[in-house]
Structure formats: C-alpha cells, structure tokens
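J.: could you work out the structure for the sequence below:
(one chain, ligands or ions: 1)
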Amino acid sequence: MRASRPGRTATCTASGRAETPSPSKTGLAEAAPAKGAGPFRASVGNENALRIEEDASSMKQPFKAVKVSDHVYWVGAIDWSLRDFHGYSTERGTTYNAYLILADKITLVDAVKAPFKDELLARIGSVINPEQISYIVSNHAEMDHSGCLPQIVETVKPEQIFASTMGVKNLSEQLHIGQEITAVKDGESLSLGNMSLSFVETKMLHWPDSMFSYLDADELLFSNDAFGMHLASSGRFDVEVPDWEYQAAKYYANILMPFSHLVLKLLDRMGSLNLPIKTIAPDHGPIWRRDIDKILKLYATWAQQKPTRKAVIAYDTMWESTALMARAIGDGLVAGGTQFKLMPLKVSHRSDVVTELLDAGALLVGSSTMNNNMLPAVADLLTYLKGLRPKNLIGTAFGSYGWSGESVGHVREVLSQIGVELVGDGVKAKFVPTEEVLTNCFNLGIQTAERLKNL
Ligand code: FEO
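T.: Below is the predicted model:
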C-alpha cells in the first residue's frame, strides 16, 4: 500500500519545542538508569538512534512491551473479560492497543481503558522510564483509549499532548487532564527529532475527533479504531491470529457501518496520499503486517454494502408459530436460489444479526403480537438497526397473532424508516399457521429471492 504524504509537512509549529528538545526528555543516555526504569536500558548510539539492551532477567517479568517495528513498541493491555461494548457483544474480549515511539522525543500514541493503567505503565517501564516520554498523541478521545490519560499525564509529565481539534475539545470535556492539549491539523507533521509523525483527520470514523498518525521512519500507520476488532489474543500480530475475519466484520458492522460513505472516501484518500505502509497499528485487535491488503479490500467491500443473494431472517416467537413461518420463508428463499441465515433472537445477539447483514441483500423480521405490539427482542433489534442504518436491503415482516395482530404493521413501519425497501405486504398467521399461510410464507421467500436476482 502506498499513498503520497499528507499535503502539509511543515514541522508542527504549535509544538514550538519540537526543534529544541529538552535535555531532560531527550538525553536518554544521561537519564538512564531512571527511576522506575524497567529491565531494559536505553542509550543513544552514534547515529542518534535509540538502542535497547535487554537484561537476561527481564525474560522472567510479565507485562513487557512488544516490539512492532524499528522504533515502535506495543504497550497496551488485553481485556479477556469484556463481553459488551455499548450493546455489541464482545464474546472474545478485546485489546486496548497503545504504542510507544522511541524517537528523540519519546512519544506515547494513545492509552488504555482506566482499569488497565498500571499494565500500560508496566509495559512502558519495560522499555524506558515512563518519565522519559516527551509527547502524548491521542488519536481518539473515547475512554477505551483515553480513560487513564489524567493519571498517565500526572505520572509522565509530558512536554506536550497532541490531539485533533475535536480531540482537544472531547478530551477536555470528558477528562480533567491537568495540562493543556495542543491541536494538530489534518496534514500537519510533528517533528520527533530524528523522525516525524504526520496526522490525517478521519472525522466520524467513528467519532468527530478520530485521526490517524503516520510514522515516516517505520512506514507505520496508527489507525486508532479503524481496521481494528474486539478480539483478545495472546499474539499481537495478524500472523498469530488466524481466525480474525468474523471479528473484523463484526467490528465494522457494529461500529463503522453508519459511516460507510466516509470509509470509502478515506480509502480513496489513502490511495491518493500514496504513503508507503509496512504496518497498520490499530487500537484494537491484531497489528497488520501480512494482511494489510486483505483488510483494506474487506473495508472497501463492506463499505459498499452491495446486496448479495443472501437473506437474514430474524425473529422472536411466543408459541413457535412465528418460528414455523420463518422456516417456511427460508425454504422459499432456497427454492428461489437465495441462501439465508435464520437468527432466532432468543439465541442470536443483535450485533451478530448486524454482522450477517453486512453481506446480505434481504432482511425478513418476524414477531408475534404481544399487547398490541412487537416482542421486546424484536424492538431491541430494530432500535439498534435504526442507529446503524444498513443500506441496500429489501425485506418485510411476518408473524402470528391471537386477536389484534399489530406486530407485522409495526415492524414494517420501522423497516421502512431504516430504509429497507419493502417486499409485498408481509404475512400474518392467526394463532397457528395453516397450510395456506405456510404456502404464503414459502411464496414470500421465492418473491424475495426473485427480487434479489434482479438487484
Ligand atoms: Fe475503541 Fe471508539 O474507541
């Protein structure tokens, strides 16, 4: 992957001191052995490059940094127990990736969720004394990457903290950091002494403050949430995590789907910037080395949301009548040449339904009527989908009822609000579906499959 460098490459004048490094922060040879230093010793070589010498005893210590590239270490934390991220099921936990750049101006890129602060400091401490950090760059203000920043700033006492313009605002409004934060602009570069860090704003991917940072010396892109996934693993790199694809799709569907038009623009911009990229270092999940092209291509595919001949049937049922209807619709879909995924909402999480929709062309939603309304699990899914705004779907509603039967109408109304193009009028069954109703369900499946063939 190549992209030309961001347009403005002037030294970040906002930093002022970037070209006149403070000896206390940059004279690593003078500083070592610093208080709290870990089992590594840092020194400055003839070429002004930092050398890290590892003590044999360090191999026995936990919470070490992991080398990512010539000048970058992973110093994040692994959260094996996270199971929910704002309504998105994270059944495999997550990671909070933070990175340390060993430049003349030692720089921390992003931080971790507050309870993992000590782990972050321990990993930093395995390489340098945390007080040697000169700069902190916050690519994204959400608290899984900034929650411990007030304490980290207090410990490290950095010369400067940098964030995007919106990052400055969001960090200030969320956290009480006792130090001024300097705004950096899209295309601006910050001198770290012997290398530089450039910034690319990625507004609304997925917060207004989000940005990428690019380290020229290592051809490494810090991509914050983009290209990430909630996946705890013992390995830090893509080659060590072979089964990442579902979790990457799930992350895209549940976090980035509403901003797909911006993802396409960003991918175009990355192409036009023509930056050489050897490593993409996201804030969650594996670090990309081998599979950079693959994850970029998957993002391009997911962002387009092209309808395929796949349908998702999601439903909840009181006494199995709506479930029977769902299976009859499925048979009709297959008869019409469309594959389907049946997702009973009693056992399927809303965030997995959304993930299945990422490459689907149709969504059929079933609900029994209860108290003149749809079932709560169905309302939950539809509310979630309203926020995520999946595109290019056709679909309808179906369900059983005893005496009033409002659920089908209510579900169709919400599907329409979401932007789903409605097929037919939906199918209702009074109490238990008759053979005729099941035939109607089967025909609905065929009708949906026919529509998908023509999209
Ligand atoms: Fe991983 Fe938007 O925070």
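
J.: the ligand contacts on this protein?
T.: When proximity is defined by Cβ under 6 Å from any ligand atom, the chain lies next to the ligand at 140, 142, 144-145, 206-207, 225, 283-284. Glycine gets a C-beta too; all of them are placed from N, C-alpha and C.

J.: show me which of those residues are buried.
T.: The neighbour-count test (16 or more other Cβ atoms under 10 Å) applied to the residues of the chain next to the ligand identifies 140, 142, 144-145, 206-207, 225, 283-284 as buried.

J.: hmm, which two among those are most spread apart?
T.: With Cβ to Cβ as the measure, no two of these lie farther apart than W207 and H284, at 14.1 Å.

J.: skipping adjacent residues, who's closest to L215 in space?
T.: Counting by Cβ to Cβ, 6 or more residues apart in numbering, the nearest residue to L215 once its immediate chain neighbours are dropped is L197, at 5.6 Å.

J.: quick check, that neighbour in a strand?
T.: Yes. L197 forms part of a strand when assessed by DSSP: H, G, I helix; E, B strand; the rest coil.

J.: return the set of residues that bridge with it.
T.: When bridges are assigned using DSSP bridges, the partners listed for L197 are L190, L215.

J.: that one and A303, how far apart?
T.: Remark: distance between L197 and A303 (Cβ to Cβ, to the nearest Å) = 27 Å.

J.: okay, these two: which has more neighbours?
T.: L197 (26 against 21; other Cβ atoms under 10 Å).

J.: let's see the pLDDT reported for that one.
T.: In the prediction, the pLDDT value recorded for L197 is 98.

J.: in contact with it, which residues?
T.: Shown here is L197, whose contacts under the criterion Cβ atoms under 8 Å, 6 or more residues apart in numbering are 101, 107, 137, 189-190, 213-216.

J.: in the stretch 201-350 of the chain, what residue comes closest to the ligand?
T.: Per Cβ to the nearest ligand atom, the residue of the stretch 201-350 of the chain with the smallest distance to the ligand is D225, at 4.5 Å.

J.: flag the shaky bits of the stretch 1-150 of the chain, pLDDT-wise.
T.: Low-confidence regions of the stretch 1-150 of the chain, defined by pLDDT under 70, span residues 1-59.

J.: quick one: the helices in it?
T.: Under the criterion DSSP state H, counting those that start in this stretch, the stretch 1-150 of the chain carries helices at the ranges 23-26, 28-31, 117-125, 143-146, 149-156.

J.: out of those helices, nearest to K430?
T.: Across the helices of the stretch 1-150 of the chain (criterion: Cβ to Cβ), the nearest stretch is helix 143-146, sitting at 48.7 Å.

J.: other SSEs contacting the helix or strand hosting S351?
T.: Using DSSP states H and E, S351 sits within helix 350-357. Under the contact criterion of 3 or more Cβ pairs under 8 Å, 6 or more residues apart in numbering; DSSP states H and E, the helices and strands touching helix 350-357 comprise strand 88-89, helix 245-251, strand 310-316, strand 339-344, helix 376-388.

J.: go through the ones you listed and name the closest to T448.
T.: Nearest to T448 among the helices and strands packed on helix 350-357 is strand 310-316 (6.2 Å), distances taken as Cβ to Cβ.

J.: going toward the C-terminus from the closest one, what's the next helix or strand?
T.: Downstream of strand 310-316, the first helix or strand assigned by DSSP H and E is helix 321-335.

J.: residue contacts, the residue in the stretch 51-200 of the chain positioned nearest to the ligand?
T.: The stretch 51-200 of the chain approaches the ligand most closely through E142 (3.5 Å), counting by Cβ to the nearest ligand atom. With contacts defined as Cβ under 8 Å, 6+ apart, the neighbours of E142 are 207, 225.

J.: and what of L215?
T.: Residues in contact with L215, defined by Cβ under 8 Å, 6+ apart, are 69, 71-72, 101, 195-197, 221-222.

J.: wait, which of these is closest to D425?
T.: The shortest gap between D425 and any of these belongs to L221, at 49.8 Å (Cβ to Cβ).

J.: name the helix or strand for the closest one, please.
T.: With DSSP H and E as criterion, L221 is part of strand 220-224.

J.: what comes into contact with that strand?
T.: 68-69, 72, 99, 109-110, 137, 139-140, 145, 202, 210-215, 275, 277-283.

J.: at 6 Å instead, please
T.: Residues outside strand 220-224 that contact it (Cβ atoms under 6 Å, 6 or more residues apart in numbering): 69, 72, 109, 139-140, 210, 212-214, 277, 279-283.

J.: how about these, which pair is most distant?
T.: Taking Cβ to Cβ as the measure, the contacts of strand 220-224 span a maximum distance of 22.3 Å, between S69 and S210.

J.: and among the helices and strands packed on helix 350-357, the most buried is which?
T.: Among those, judged by mean count of other Cβ atoms under 10 Å, the one packed with the most neighbours on average is strand 310-316 (a mean of 26).

J.: list the strands paired with that one, with their directions.
T.: Taking DSSP bridges as the criterion, strand 310-316 pairs within the sheet with strand 339-344 (parallel), strand 362-367 (parallel).

J.: TSV for those strands, including mean pLDDT?
T.: Converted to TSV, the strands paired with strand 310-316 look like this (pLDDT from 0 to 100):
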stretch	mean pLDDT
strand 339-344	98
strand 362-367	98
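
J.: which residues does T369 contact?
T.: Residues in contact with T369 (Cβ under 6 Å, 6+ apart) are 401, 405-407.

J.: list the ones among these that fall in helices.
T.: Judged by DSSP state H, the contacts of T369 include S407 as members of helices.

J.: wait, which of the contacts of T369 is closest to A362?
T.: Using Cβ to Cβ, the shortest approach to A362 within the contacts of T369 belongs to S407, at 19.1 Å.

J.: I'd say the closest one and G399 touch.
T.: Yes. With contacts counted by Cβ atoms under 6 Å, S407 reaches G399, the gap being 4.7 Å.

J.: what is in contact with those two at once?
T.: With contacts taken as Cβ under 6 Å, 6+ apart, S407 and G399 have S367 as neighbours in common.
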